[in-house]
Every structure is written in C-alpha cells, then in structure tokens.
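> predicted model follows, preceded by the sequence.
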Amino acid sequence: MRTLSCLLTASLLLVGCASVPMAGPAADAEGKRFDPPAPGQSVLYLYRSSLLGSEVAFSLADNQQPIGALADKTWIRVEVAPGRHVITCSAPSYAPLTQTPAQAATVDITPGETRFLEVDVWPGLPLNPRCTATEVSADKGRAGVAGGNRAIASAN
C-alpha cells in the first residue's frame with residue numbers, strides 16, 4: 001500500500017501545471033490599471049494565486065454563463081450588469097465515481113462598483129480537486145491581480 005501511495009504522489013508531481021488561454025501584455029497592463037466600468041456597468045475581478053492544485057484549471061461561471069478558466073497566477077476581469085451574481089467554479093475530477101460540486105459566491109454589485117473574488121482549492125478526496133470563490137477586500141484583490149497574468153475571458 002505504501003508503494004502505491006508513493007507512486008500516486010510521484011505521478012501527481014509529474015503532471016505539471018494547468019494552462020489556460022492568455023491575454024497579451026497590453027490587455028494584462030490595461031486590466032491592472034483597475035479602470036472603472038463603463039457607465040451603468042460593474043466589474044468583477046476573479047483571480048487565482050495559490051500553488052495548491054496548480055495542475056488543474058478551474059472553470060468559472062456567472063449565473064450559469066461561462067466566463068473563463070483560471071490556472072495558477074491568472075486572473076479575469078469581466079464587466080457585468082449590476083445586480084446579483086452567483087459565481088461558481090468547478091474542476092475536473094480524476095477519481096472514479098466522484099463528483100466535483102461547484103462552490104458558489106454570491107455578489108450583489110451596484111453600478112460603478114468593482115469587486116474581487118479569489119478562486120482557490122478546497123480540500124477534497126485525492127484526485128478530486130474542488131474549488132471555492134471567496135470575495136476579498138479591494139487591497140487583497142488588487143495585490144492578487146498584480147501578481148498574476150490576465151487570462152482570456154469567455155465570449156458572452
């Protein structure tokens with residue numbers, strides 16, 4: 001059993017880091033200016049800064065509409081209509097007979113407002129990573145975005 005455990009651990013270390021479609025340097029710099037949204041809109045920044053679970057990309061949705069995917073040290077900026085937004089994230093499961101439930105963060109956002117959500121790994125069964133989306137302060141969110149690179153958001 002110990003040998004199997006060692007082999008499993010070694011194989012996980014060899015998997016490497018997940019990747020997602022990335023924006024260019026100009027779009028990355030533009031998003032890191034933290035410009036206000038267009039009139040009548042709001043902004044959500046979603047970022048990922050933890051190395052834990054770096055072999056998995058997390059898929060994100062806003063009110064069940066895909067908004068993109070995050071790998072380690074990546075972020076997405078999305079302009080949204082004001083109101084309630086239920087943000088979910090999910091990760092593929094590599095363990096048989098398990099499900100990967102999405103964890104939700106609900107954000108009520110007003111016109112002109114900018115909010116930040118950190119996407120992180122939630123401990124689960126081996127080979128069954130799960131994620132959470134948690135709202136964070138503007139200072140923590142800006143620091144998380146500044147330490148990463150912009151991923152391409154899904155076209156809505």
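Structure's in. What do you need?

> point out where this structure drops to low pLDDT.
Along the chain, the parts satisfying pLDDT under 70 run over 1-17, 51-55, 93-101, 103, 123-129, 155-156.

> surely residue 60 meets residue 66?
Yes: proximity of residue 60 to residue 66 meets the contact threshold set by CB atoms under 8 Å, at 7.3 Å. C-beta: built from backbone N, CA, C; applies to glycine.

> residue 111: helix or strand, and which one exactly?
Residue 111 is part of no helix or strand, with elements assigned from DSSP states H and E.

> what residues are up against it?
When the contact criterion is CB atoms under 8 Å, 6 or more residues apart in numbering, the partners of residue 111 are 37, 39-42, 82.

> using a markdown table, please lay out the residues you listed together with neighbour count, secondary structure and distance to residue 144.
Shown next, in a markdown table, are the contacts of residue 111 (neighbours: other CB atoms under 10 Å; DSSP: H, G, I helix; E, B strand; the rest coil; distance: CB to CB, whole Å):
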| residue | neighbour count | secondary structure | distance to residue 144 |
| --- | --- | --- | --- |
| 37 | 19 | coil | 19 |
| 39 | 7 | coil | 27 |
| 40 | 9 | coil | 27 |
| 41 | 16 | coil | 22 |
| 42 | 22 | strand | 19 |
| 82 | 15 | coil | 23 |
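
> for the chain, just list every one of the helices.
Listed from the start of the chain, the chain has helices (DSSP state H) covering 2-15, 25-31, 138-146.

> out of the contacts of residue 111, which is nearest to residue 135?
residue 42 (13.3 Å; CB to CB).

> before we move on, back to that, let's have the contacts of residue 111 in a markdown table, adding distance to residue 23.
Rendered in a markdown table, the data for the contacts of residue 111 read as follows (distance: CB to CB, whole Å):
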| residue | distance to residue 23 |
| --- | --- |
| 37 | 18 |
| 39 | 24 |
| 40 | 24 |
| 41 | 19 |
| 42 | 20 |
| 82 | 25 |
